[in-house]
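Q: A structural model of the following input is requested.
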Amino acid sequence: MIGAVAELTVKEGSQAEFEKVALELEAAVNANEEGVLFYKLFKVRDSSTKYIFMEQYKDAAAVEAHRGYEHFKRLGRALGPFLDGAPTV
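A: Down below sits the predicted model:
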């Protein structure tokens, strides 16, 4: 198994829009990616702009496949305008 934590900072005032797209991504990943064992968005407790995606994959092939799915590419691009800098993985 392979795990990852992606930390994201969202622009102030963009939280609702970010969450809508991020939750759509979460649902698409969980519904369509057999190699993903866990993929969940969390809001950091003491911050209004910080979020994390906790991820667990069956193996390296599942990680590679995840990056290639159309829903990941499309929704990942859709998250971009709401982010205040690049995610840290």
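
Q: helices or strands up against the helix ranked longest in the chain?
A: Identified as the longest helix of the chain according to DSSP state H is helix 15-32. Applying 3 or more Cβ pairs under 8 Å, 6 or more residues apart in numbering; DSSP states H and E, one finds that helix 15-32 contacts strand 36-43, strand 50-57, helix 70-79. For the C-beta atoms, the positions are set from N, CA and C on the backbone; glycine is no exception.

Q: how about these, which one is nearest residue 86?
A: If you check each of the helices and strands packed on helix 15-32 against residue 86 by Cβ to Cβ, helix 70-79 wins as the nearest, at 11.3 Å.

Q: residues of that closest one that come out buried?
A: 71-72, 75, 78-79 (16 or more other Cβ atoms under 10 Å).

Q: then stretch 12-22?
A: Neighbour counts over stretch 12-22 (16+ other Cβ under 10 Å) mark 15, 18-19, 21-22 as buried.

Q: run through who's touching that stretch.
A: Applying Cβ atoms under 8 Å, 6 or more residues apart in numbering, the contact partners of stretch 12-22 are 10, 41, 43, 48-49, 51, 53, 75, 78-79, 81-84.

Q: residues touching residue 48, list them.
A: With Cβ under 8 Å, 6+ apart, residue 48 has these contacts: 12, 15.

Q: tell me the SS of it?
A: Secondary structure, DSSP: H, G, I helix; E, B strand; the rest coil: residue 48 is coil.

Q: got the phi/psi numbers for residue 9?
A: phi -110, psi 130 (degrees, to the nearest 10).

Q: just how off-centre is stretch 21-36 within its chain?
A: Centroid displacement of stretch 21-36 relative to its chain, using Cα atoms, centre = their mean, to the nearest Å, is 9 Å.
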